[in-house]
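# Whatever this is, show me its structure:
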Amino acid sequence: MNFLSSSAQELEREYQSLKKSYEDEKGKGLQLNMARGKPCSEQLDISLDMLDVVNSKSDFIGEDKMDCRNYGILEGIEECRRLFGDILGTDYKNIMVGGCSSLNMMFDTISCLMTKSAVEGCKPWYEVTDRKFLCPVPGYDRHFGITGYFGFEMIPVPMNEDGPDMDIVEKLVSEDASVKGIWCVPKYSNPTGITYSDETVRRFANLKPAAKDFRIMWDNAYCVHDVTDEPDTLLNIYDECLKAGTEDMPLLFCSTSKITFPGAGVAAMAASPNNMKVFRERYNYEIISYDKLNMLRHVKYFGDYNGVLEHMKKHKAILAPKFDIVLNTLKNELTPVGIGKWTNPKGGYFVSIDVLEGTAKRVVSLCKEVGLILTGAGATYPNGFDPNDSNIRIAPSFPPNGELQKAMDIFCICVKLAACEKLLSTEN
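Modelled structure (predicted):
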């Protein structure tokens with residue numbers, strides 16, 4: 001039965017049936033969680049051997065003969081910079097390796113530009129009282145949290161199937177010098193799973209911003225996180241910017257957080273020499289050096305970029321069935337009733353679904369009452385405000401497959417229940 005073409009009587013009968021199913025689940029005391037994109041225990045287990053590769057005095061010595069237990073090498077050991085250079089597709093000399101969190105490096109980057117301009121003649125961003133940042137939506141809540149913390153007006157930009165709406169981006173960037181940057185998750189975007197098209201990447205590289213200090217925050221968090229045998233490919237933005245003479249615009253980030261251990265991985269950023277000069281000065285006052293033993297541990301374990309790709313095949317084997325559970329359940333439960341539109345990503349960590357307009361908060365609330373925790377409705381928009389109250393992010397990775405199936409069954413009951421409530425209230 002299609003809810004959108006059903007009579008009030010048919011909807012009422014369906015509502016009562018769904019209500020009974022919901023109450024049955026509510027009495028079971030369930031504790032299910034799909035709130036964050038955390039790797040599951042099986043994913044963490046596949047990296048355990050890495051903990052044993054640096055365990056004797058000779059293991060502590062890097063390629064340059066330096067004892068990695070000691071102070072020094074602000075930008076990270078060269079062998080780890082080369083590894084991240086391959087991952088991010090840029091010369092290792094453009095790489096700085098940090099701690100375990102790329103989010104930390106992104107926060108530090110915005111913080112740095114707030115107090116010191118990367119472009120001669122431009123004001124530090126804190127002096128730009130009407131500063132703005134572009135936010136593709138739906139997007140990553142923690143990105144929005146950073147620019148919200150620093151007092152930016154965040155301007156939503158709709159996401160299309162090939163990336164952010166570049167007509168809007170180009171117009172806003174070229175006409176307003178107070179627009180200082182844009183957040184991007186270019187491959188398997190959080191939460192939609194969309195990968196930017198070649199044309200979109202080229203249009204980014206050829207932007208003509210009114211602000212000389214405009215920066216593209218290119219968070220390539222899922223650059224090697226494929227879950228199908230036909231993965232997406234992403235054009236190299238730094239190469240395209242070099243061709244366009246705009247290499248100072250992009251700031252690239254990634255980490256091994258979802259490759260090895262989220263709490264003990266390695267993060268890196270890539271930037272042009274002009275940008276890196278500014279960031280290096282800040283980090284020089286902030287820290288003497290990051291954890292070189294952890295950098296060395298990762299390099300010895302993977303060997304090279306091909307080693308990373310081989311390792312990611314193990315992750316794919318674990319994650320692919322989880323995505324299948326989510327997508328098959330949505331298809332089987334929601335397609336027949338005509339409610340919901342969702343993405344079918346080829347990688348990353350999330351599935352984005354738009355439920356019936358005006359019901360996302362109700363769906364999340366219903367799920368919580370029955371013991372299923374989801375990312376809050378609206379979290380994928382700046383300041384937590386989804387004007388359509390429709391988008392919900394599903395994170396399949398953490399629950400065991402049996403619990404994930406149960407969670408998705410409950411989720412679909414709640415989506416249908418909230419839709420019936422909404423449609424019946426409209427009828428009345």
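# wait, P400 sits on Q43?
No: using CB atoms under 8 Å, P400 is not in contact with Q43; the gap is 11.9 Å. To be clear about C-beta, it is placed using only N, CA and C from the backbone, and glycine gets the same treatment.
# Please say which of these two ends up with more neighbours.
Neighbour tally, P400 and Q43, criterion other CB atoms under 10 Å: the higher count belongs to Q43, 20 against 12.
# quick one: contacts for the more buried one?
K258, H315, I318, L319, S397 (CB atoms under 8 Å, 6 or more residues apart in numbering).
# try it again with 7 Å
Q43 makes contact with H315, I318 under the criterion CB atoms under 7 Å, 6 or more residues apart in numbering.
# Just give the nearest non-adjacent residue to D239, would you?
Once flanking residues are discounted, D239 sits nearest to G89: 7.2 Å by CB to CB, 6 or more residues apart in numbering.
# That neighbour: how many residues sit nearby?
G89 has 17 neighbours, counted by other CB under 10 Å.
# That one contacts L234, correct?
No: the pair formed by G89 and L234 falls short of the contact definition of CB atoms under 7 Å, at 8.8 Å.
# Next SSE downstream of the longest helix anywhere in the chain?
The longest helix of the chain (DSSP state H) is helix 305-334. With elements assigned by DSSP states H and E, the helix or strand that comes after helix 305-334 is strand 341-342.
# Check which helices and strands that next one sits against.
Judged by 3 or more CB pairs under 7 Å, 6 or more residues apart in numbering; DSSP states H and E, the packing partners of strand 341-342 are strand 351-354.
# what comes up buried for stretch 306-320?
Residues of stretch 306-320 classed as buried by neighbour count (16 or more other CB atoms under 10 Å): V308, H311, M312, H315, K316, I318, L319.
# Spatially nearest residue to the fifth one, not counting backbone neighbours?
Spelled out, that is K316. V227 (5.4 Å).
# for the fourth one, same thing?
Here the nearest residue to H315 in space, its sequence neighbours aside, is Q43; by CB to CB, 6+ apart that works out to 5.9 Å.
# And that neighbour, how close does it get to C135?
Counting by CB to CB, to the nearest Å, the separation of Q43 from C135 is 29 Å.
# Distance of the residue nearest to D239 relative to C254?
Separation of G89 from C254 (CB to CB) stands at 10 Å.
# got JSON lines for the buried residues of stretch 306-320, with distance to S5 and pLDDT too?
Listed next are those as JSON lines, based on distance: CB to CB, whole Å; pLDDT from 0 to 100:
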{"residue": "V308", "distance to S5": "50", "pLDDT": "98"}
{"residue": "H311", "distance to S5": "49", "pLDDT": "98"}
{"residue": "M312", "distance to S5": "44", "pLDDT": "98"}
{"residue": "H315", "distance to S5": "42", "pLDDT": "98"}
{"residue": "K316", "distance to S5": "40", "pLDDT": "98"}
{"residue": "I318", "distance to S5": "40", "pLDDT": "98"}
{"residue": "L319", "distance to S5": "36", "pLDDT": "98"}
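# Can you report phi and psi for the closest residue to S47 other than its chain neighbours?
Using CB to CB, 6+ apart and skipping residues adjacent in sequence, the residue nearest S47 is T260, 4.3 Å away. Main-chain torsions, T260, degrees, to the nearest 10: phi -120, psi -90.
# if we can go back for a sec, give me the number of residues near the residue nearest to K316?
26.
# likewise T192?
A count of neighbours around T192, defined by other CB under 10 Å, yields 27.
# element containing it?
T192 belongs to no helix or strand when assigned by DSSP H and E.
# can you pull the contacts of the closest residue to it other than its chain neighbours?
Nearest residue to T192 in three dimensions, chain neighbours excluded: S352, at 4.4 Å (CB to CB, 6+ apart). Residues in contact with S352, defined by CB under 7 Å, 6+ apart, are P138, P191, T192, G193, W342, T343, N391, R393.
# Tell me how far S352 lies from P345.
Distance from S352 to P345, by CB to CB: 8 Å.
# Ok, P209 next?
To P345, P209 is 30 Å away according to CB to CB.
# quick one: the residue nearest the centre of the chain and V128, what's the gap?
Nearest to the geometric centre of the chain sits N190, at 3.9 Å (CA atoms, centre = their mean). N190 sits 27 Å away from V128, taking CB to CB as the criterion.
# same deal with D49?
For D49, the distance to V128 equals 49 Å [CB to CB].
# can you check N2 too?
51 Å.
# Against which helices or strands is the host helix or strand of F411 packed?
Secondary structure assigned from DSSP H and E places F411 in helix 401-427. If you count contacts as 3+ CB pairs under 7 Å, 6+ apart, helix 401-427 packs onto helix 8-26, strand 32-34, helix 305-334, helix 360-370, strand 372-374.
# quick one, the longest one and helix 401-427 angle?
This points to helix 305-334. Helix 305-334 runs at 40 degrees relative to helix 401-427, counting by axes from the mean of the first three to the mean of the last three CA atoms, to 10 degrees.
# Residues contacting stretch 336-350 from elsewhere in the structure, which ones?
For stretch 336-350, using CB under 7 Å, 6+ apart, the contacting residues are 1-4, 37, 188, 190-194, 222, 225-228, 230-232, 258, 327, 330, 334, 351-356, 393-395, 397, 415-416, 419.
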